[in-house]
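Student: Quick one, structure for this:
(chains A and B)
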Amino acid sequence: MSNNLNELALLLQKSCSSQQWQQFTTYQQQLKESHYALSNLQIILASLRRKVGSQSLSTSIDIDDGTVKHWKTDELARVYCILTTQYYHSHCADALLGQLYTQGDEYEREAILKGLWLLDPKGQKSTLAIDAARTNIVTLFSAIGQLNPYPARHFNQEAFNQLTLKTLFLGLDINCILGLKKRLNSSMSRMCFDYLRERIAANRAIPTSIWQAINLKHTPVAEDFFIQFLQNKNPQHHANILSSLKNQTIPATILSVLTKSEKKHLQAIPR
Amino acid sequence: MKYFEPHVHMISRTTDDYERMAAAGIIGVVEPAFWQGQPRTSAGTFIDYFDALIGWERFRASQFGIRHYCTIGLNPKEANNIAMAEEVIKILPRYLAKDGVVAVGEVGYDDISNAEERFFAEQLQLAKAFELPVLVHTPHRDKVKGTERTLALIKEIGLNPEMVVVDHLNEITIDLVIDTGCWKGHSVYPETKMSEARMIELLKRYGTDKMIVNSAADWGVSDPLKVPKVGQAMLAAGYDTTEVEKVLFENPINFFAQSGRIAIADVTRPLIDQTQLHEDNSALRGQSPIIEAEAEQTS
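Tutor: Okay, the predicted model is just below:
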């Protein structure tokens, strides 16, 4: 853990001005030296956006099989402060996350969700995260649902499938759900196929990433739609279908509409 | 003309009000925490109320092109329930640290009781600790005495008067405040408190420095368009647009800017996107959502 803390601190330092970093280190000293008090930590967390800014990180780091990337400085600083508190005051760690999440504002909540894979590596707060994924606030939903290893590691199948469907429903890209390919299952494939049919019936735009969650092994009735969207030449649909097929056994009907180079690229095996 | 409304209780107002305020040129508001017309019976209801001020109400304002800030405090009327007030004081710090909270308030005297003085003083200390300005309510009854004690307490606590706006002033009480260094707040009401014409007279007599005007509109008979109406009255009285914007836009923002959490450059008209939801909730009821692009922005 202390190695992780050092790496995260270095990343934050690189991304902050010297004045912002100085303010942050003052807070760190307070958290290390003071007796644990939730109220002190809450005041520090609430102030961090103003103290360390909300700029993009200067680079990214890989840590605990995940990547700290696309975060803002205030989010990293908040996650770091909670990690520090968990580290120095381990007796309070269990109740901490729930209280901070419930009493945080929208930015504090987003930071906790983005860093949940680091803050809760054993998945003990999966109920909180699953509930958070029910939100319709796009930024909050994205914090748990996009580029976050936590759902694939700790969500049960039903919750992971709902997260995937909701990602499509909110107009977001399911390519940004980490671990989607590993977690793809027959229920998810059926749910997303039903959603595809509904959108077509209502003559509404089709999310271009939806193909990533439909597997023809589980949902063979989707074959005609694969062919139809391969032929309509929308480049985004086309690319997503090809990417989805890469992990599938491809039916002959679909092979017949692929170009030679596409087949080669897919190393297609006829069914 | 752009306006800033520095004291309005939007949680008690309708979406019609937001629409009319935006159409009249109001692009930012400060909503002070206050009482709700009947006494609350537990500290828990304060938590939900404060959460609404930094959450749902901020979102609701954004849906109509208005930036929303708030002040957090225990209002004087409810300071007399001592057991509850003690609990509320304990939860204030975590709210005072939040973004968008630009002052402690509204605090002050109502009945001018000992309990009110105790919690008023404790909240002035909190303002010092959090380096926040203070919005002070002056009482409806015994206003002169309430204003005098307010100014004495500010001095006793050692609060920089520049960090204080003394609100709901009138022709009598403004004289008490004028040389103290405090900012001067005036609530223009349909009948009581202050009218547009009386406000113009005060501006003529005392000038425009540190003068602040608000509607204090709430759940009672009040008018959230009073700030733009004072603007029209100022123009009619011969003030130019620069002076109108100084009093009705720049002054209030500069006062709250002492918090470090708002600045004149921040208070621009936000783009409206009514497809957005907050906690699964929309301010719409089946209407077609308005989605503005940059070019459609009206000011």
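Student: List phi and psi for B:Glu5.
Tutor: Note on B:Glu5: backbone dihedrals following degrees, to the nearest 10 are phi -100, psi 110.
Student: for B:Thr241, same thing?
Tutor: Note on B:Thr241: its backbone torsions stand at phi -60, psi -30 [degrees, to the nearest 10].
Student: Could you double-check that it sits in contact with B:Met1?
Tutor: Yes: when contacts are counted by Cβ atoms under 8 Å, B:Thr241 is listed as touching B:Met1 (6.3 Å). All C-beta spots, glycine's among them, are computed from the backbone N, C-alpha and C.
Student: More neighbours: which of these two?
Tutor: Of the pair B:Thr241 and B:Met1, B:Met1 is the one with more neighbours under other Cβ atoms under 10 Å in any protein chain shown, namely 15 against 11.
Student: the strands in the chain, which residues?
Tutor: Let's take chain A. Per DSSP state E, chain A carries strands over the ranges A:61-63, A:66-68.
Student: let's do chain B instead
Tutor: Secondary structure of chain B by DSSP E: the strands cover B:3-5, B:26-32, B:67-72, B:101-108, B:134-137, B:164-166, B:183-187, B:211-214.
Student: To B:Arg13, which of the ones you listed lies closest?
Tutor: Proximity to B:Arg13 (Cβ to Cβ) singles out strand B:26-32 among the strands of chain B, at 9.8 Å.
Student: any idea how far B:Gln155 is from B:Ala22?
Tutor: In this structure residue B:155 is Lys, not Gln. B:Lys155 sits 40 Å away from B:Ala22, going by Cβ to Cβ, to the nearest Å.
Student: Those two: which is more packed in?
Tutor: Comparing B:Lys155 with B:Ala22 by other Cβ under 10 Å, the one with more neighbours is B:Ala22, at 18 against 11.
Student: For that one, report the pLDDT, please.
Tutor: We note a pLDDT of 97 for B:Ala22 in this prediction.
Student: Excluding residues flanking it in the chain, which one is nearest it?
Tutor: Counting by Cβ to Cβ, 6 or more residues apart in numbering or on different chains, B:Ala22 lies nearest to B:Gly65, which is 4.7 Å off, once chain neighbours are set aside.
Student: Based on its surroundings, how many neighbours for the closest residue to chain B within the stretch 101-250 of chain A?
Tutor: Proximity of the stretch 101-250 of chain A to chain B (Cβ to the nearest Cβ) peaks at A:Asn136, 3.9 Å away. Around A:Asn136 sit 16 other residues, with neighbours defined as other Cβ under 10 Å.
Student: okay but it is in contact with B:Phe59, surely?
Tutor: No: with contact defined as Cβ under 8 Å, A:Asn136 and B:Phe59 do not form a contacting pair (11.6 Å).
Student: Tell me which of the strands of chain A sits nearest to chain B.
Tutor: Here strand A:66-68 is closest among these (Cβ to the nearest Cβ), at 22.6 Å.
Student: Contacts for that closest one, please.
Tutor: A:8, A:11, A:57, A:60-62, A:76, A:117-118, A:147, A:149, A:178 (Cβ atoms under 8 Å, 6 or more residues apart in numbering or on different chains).
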